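# Give the three-dimensional model of this entry:
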Amino acid sequence: MLDAREQPPQRTVGRVLPDRDDAESLGQLEDDVQELIDAFPGHEFRGRFQCMGDGHWDDMWGVVVIDGCARRVTPRVIWPDEEAESSL
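Numbers count the residues shown, from 1 in each chain. Sure, this is the predicted structure:
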């Protein structure tokens, strides 16, 4: 019997593997993550996928899960010199 003062058991997934392995499938990552979330109603999903393409700093993006929704995000890299110039 579960004591009401105890935390309910949790399961954590360390990684998710796609059912295909090609460069074009990365473009569908947001939809694939949302499909995974939708397949398990009542479960909580948290986390992020960080992706970096061949362009390195010019090709960073990711998918975050917020409130049960997968969203694609693109960071903006600001180098120290750029930050100083923009604050003038």
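
# residues near residue 30, how many?
19 (other Cβ atoms under 10 Å). (C-beta placed from N, C-alpha, C; glycine too.)

# May I have the secondary structure class of the residue lying closest to it once chain neighbours are set aside?
Take residue 30 and drop its neighbours on the chain: the residue closest to it by Cβ to Cβ, 6 or more residues apart in numbering is residue 72, 4.6 Å away. Secondary structure, DSSP: H, G, I helix; E, B strand; the rest coil: residue 72 is strand.

# What about residue 72, how many residues nearby?
Residue 72, neighbours per other Cβ under 10 Å, totals 15.

# same deal with residue 65?
For residue 65, using other Cβ under 10 Å, the count is 18.

# contacts for the host helix or strand of it?
Assessed by DSSP states H and E, residue 65 sits inside strand 60-66. For strand 60-66, contacts defined as Cβ atoms under 8 Å, 6 or more residues apart in numbering pick out 29-30, 33, 37, 45-53, 70-75, 77.

# rerun that using 7 Å as the cut-off
Residues outside strand 60-66 that contact it (Cβ atoms under 7 Å, 6 or more residues apart in numbering): 29-30, 33, 37, 45-52, 70-75.

# now do stretch 69-87
30, 33-34, 37, 57, 60-64.

# Could you rerun that using 8 Å?
29-31, 33-34, 37, 57, 60-65.

# buried subset of those residues?
29-30, 33-34, 37, 60-65 (16 or more other Cβ atoms under 10 Å).

# Show me what the longest helix along the chain is packed against.
Identified as the longest helix of the chain according to DSSP state H is helix 29-39. Applying 3 or more Cβ pairs under 8 Å, 6 or more residues apart in numbering; DSSP states H and E, one finds that helix 29-39 contacts strand 47-52, strand 60-66, strand 69-73.
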